[in-house]
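# sequence first, then the predicted structure, then my questions.
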Amino acid sequence: MSAAQATETVPDHEVVVAADEAEEELVVDDAASDRAPSAASSSTSLKGSVLDYRIENGRTYHAYKDGKYNLPNDETENDRLDLQHNLFLLTFDDKLGNAPPNDKDAKVGRVLDVGTGTGIWCVDFGDEHPEAEILGVDLSATFPEFTPPNVRFEVDDIEEPWTYSRKFDYIHSRMMNGCINDWEVYAKKCFNNLNPGGWVEFIETPLKPQSDDGTLPEDSQVLKIAELIQEASEKGGHPTLPVENFKDLLSRAGFVDIKVLKYKWPTNTWPKDQLYKEIGAWSHENIVSGWDALSLAILTRAHGWTKEEVIVSNALCRKEFKDKSIHAYWPMYSIYGRKPEKADSEDSE
C-alpha cells in the first residue's frame, strides 16, 4: 500500500483525511508551479498539419482533429501536465502506476501510453525499464525532443481503429475521462491490443470535488461550473464516465484480476496529515491552472460565455479552491486488470 494510503473501494476501509484547523490561508500564484520540469515543445521528426496550432482566447490548441480536446497545448499547459505527473508520483509513492508492470523488478515488453501529453510518463518508464519498448500517442505533438532509445511518440487519434502491428503487454491510460466517445469500445480496444497476460490501467477522477464533512456547499461555484463542463462534454460526444463504473467496464471487456485503488487529492493544504498537506499543495496548483484552461474552452465554445465572464467565474472558483474551511478533495482512482492468458477472443479492432 502506498504512502498516500490508497484503499480498495470498500466503505469500511475508506481513508478519512482530518483537517488542519490551525493553518493559515494558502496563497498560491495562479500560474503553474515552476517546481515541475518542462518538456520540449514538439518532436522534430513530425511533419505536416499535426504540428499546426490554433490560438483561441490567448491560448494555443492543437489543430489536428481540431476541437476534439478542450485543453490547450501551450507551454503553460505543458508545465501543468508535468506538475501533475509529479503529483501522481507523490500520490503513488514514487511509482508510475499500480499495475504489476510498474514494479521495479518487472520485465516489461511493449507498452502503450494513451494521451501521453508531454511524454514525461513514457520517458520515466523508459528509464526505469530499459528492456521495454514504449509508445506514447496523443493528438498534440508536444513531445520531448530527446528521449531514451526505447521510447517513441506518434500523433494519433485513439478513437480511430487501432492498427498496431504488434500487441502490447501494458496499456497505461491516465486522465482520459471526457476525451473518450465510447468507453465500452475503448476498453475493448485495450483488451484486443494486449497480449494474453497483459495489463491495462485506467487512472481517473471525477470532475466534481466532494467533502466528507459537508463543508463543500451545494451552491458552490466550482460544482456549478463542473456541471456545465460535464453537460458540454456529453453534448460534444465525450461523456464523463462515473469513476465507480470503471471496474465493471473492465470486467465487461474481458479483464480479470481487477483491482481498484482510491486516493484523495485535497483542494489545498487543509489536511492535518503532512503527506496529504503536501499532496494538497500540488493539487491546488494543478487544478487552478487546469481549471482556467478547461473552463475557458468549454464555456466559450459550448455555452456561449464571453472570455470576461469566464474570468469572473474562475476568480470565484479560485476563492473556493483556496478556502481551507472547505475540506474538499477529488477522489483519484487507479483501476487495473489483466487479460487472461487464454482469451476467448483475439479479435483486433
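Nice, thanks for sending it over.
# Leu95 touches Asn102, doesn't it?
Careful, residue 95 is Lys and not Leu. Yes - contact status for Lys95 versus Asn102: in contact at 5.1 Å, counting by C-beta atoms under 8 Å. C-beta: built from backbone N, CA, C; applies to glycine.
# and these two? Which one has more around it.
Per other C-beta atoms under 10 Å, whichever of Lys95 and Asn102 has more neighbours is Asn102, with 20 against 16.
# I'd like the distance between that one and Phe88.
11 Å (C-beta to C-beta, to the nearest Å).
# what do these two both touch?
Contact criterion C-beta atoms under 8 Å, 6 or more residues apart in numbering; residues shared by Asn102 and Phe88: Leu96.
# enumerate every residue touching the residue nearest the centre of the chain.
Central residue of the chain (C-alpha atoms, centre = their mean): Met175, 2.2 Å from the mean position. Going by C-beta under 8 Å, 6+ apart, Met175 touches 84, 115, 203-205.
# could you work out the most separated pair of the residues you listed?
Gly115 and Thr205 (14.1 Å; C-beta to C-beta).
# what's the span of stretch 167-182, first residue to last?
Terminal residues of stretch 167-182 lie 21 Å apart, using C-alpha to C-alpha, to the nearest Å.
# gap between that stretch and the chain center?
Stretch 167-182 sits 10 Å away from the centroid of its parent chain (C-alpha atoms, centre = their mean, to the nearest Å).
# same check on stretch 158-165?
Computed by C-alpha atoms, centre = their mean, the separation of stretch 158-165 from the middle of its chain amounts to 21 Å.
# pLDDT of it, averaged?
Mean per-residue pLDDT for stretch 158-165: 94.
# does Ser278 touch Leu89 like I think?
For residue 278 the amino acid is Glu, not Ser. No - look at Glu278 against Leu89 with C-beta under 8 Å: they stay out of range, at 11.8 Å.
# and the biggest helix by length in the chain, what does it pack against?
Ranked by residue count under DSSP state H, the longest helix found in the chain is helix 274-302. Secondary-structure packing of helix 274-302 (3 or more C-beta pairs under 8 Å, 6 or more residues apart in numbering; DSSP states H and E): strand 59-62, helix 75-91, helix 221-235, strand 256-266, helix 307-322, strand 328-338.
# a markdown table please, covering these and showing mean neighbour count.
Putting these into a markdown table (neighbours: other C-beta atoms under 10 Å) gives the following:
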| stretch | mean neighbour count |
| --- | --- |
| strand 59-62 | 20 |
| helix 75-91 | 21 |
| helix 221-235 | 18 |
| strand 256-266 | 20 |
| helix 307-322 | 16 |
| strand 328-338 | 23 |
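# ranking those by mean pLDDT, which is last?
Here the lowest mean pLDDT among the helices and strands packed on helix 274-302 goes to strand 59-62, at a mean of 56.
# distance check, the residue nearest to the centre of the chain against Ser220.
22 Å.
# please apply the same query to Trp305.
18 Å.
# same check on Ala19?
Per C-beta to C-beta, Ala19 is found 17 Å from Ser220.
# Gly198 too?
For Gly198, the distance to Ser220 - C-beta to C-beta - is 41 Å.
# residue contacts, Pro196?
So Pro196 contacts 339-343 (C-beta under 8 Å, 6+ apart).
# any idea which of those has the most stuff around it?
Neighbour counts for the contacts of Pro196 (other C-beta under 10 Å) peak at Lys339, which has 26 neighbours.
# of all the contacts of Met175, which comes closest to Arg301?
Of the contacts of Met175, the one sitting nearest to Arg301 (C-beta to C-beta) turns out to be Gly115, at 20.0 Å.
# pretty sure Gly109 sits against Asp169.
Yes - in this structure, Gly109 is within contact of Asp169 by C-beta under 8 Å, at 4.1 Å.
# pLDDT weak spots in the stretch 151-300 of the chain?
Along the stretch 151-300 of the chain, no part satisfies pLDDT under 70.
# which helix or strand contains Ala141?
Using DSSP states H and E, Ala141 falls within no helix or strand.
# can you check the pLDDT for it?
On the pLDDT scale, Ala141 is placed at 71.
# burial count for it?
24.
# what's the answer for Met176, then?
So Met176, with other C-beta under 10 Å, has 17 neighbours.
# who touches the residue nearest to it when sequence neighbours are not counted in this structure?
Here the nearest residue to Met176 in space, its sequence neighbours aside, is Gly115; by C-beta to C-beta, 6 or more residues apart in numbering that works out to 5.1 Å. By C-beta under 8 Å, 6+ apart, the contact list for Gly115 reads 137-138, 158, 173-176, 179.
# which residues in the stretch 1-150 of the chain form helices?
For the stretch 1-150 of the chain, helices defined by DSSP state H, counting those that start in this stretch occupy the ranges 75-91, 120-128.
# and the longest one, how far from the chain's centre?
It stands for helix 75-91. Counting by C-alpha atoms, centre = their mean, helix 75-91 comes out at 10 Å from the chain centroid.
# Tyr164 touches Asn192, doesn't it?
No - the pair Tyr164 / Asn192 is not scored as a contact, 10.2 Å apart, by C-beta under 8 Å.
# so for the two, which residue has more residues nearby?
Neighbours were counted for Tyr164 and for Asn192 using other C-beta under 10 Å; Asn192 has more, 18 against 14.
# tell me how far the more buried one lies from Phe168.
Using C-beta to C-beta, Asn192 is found at 11 Å from Phe168.
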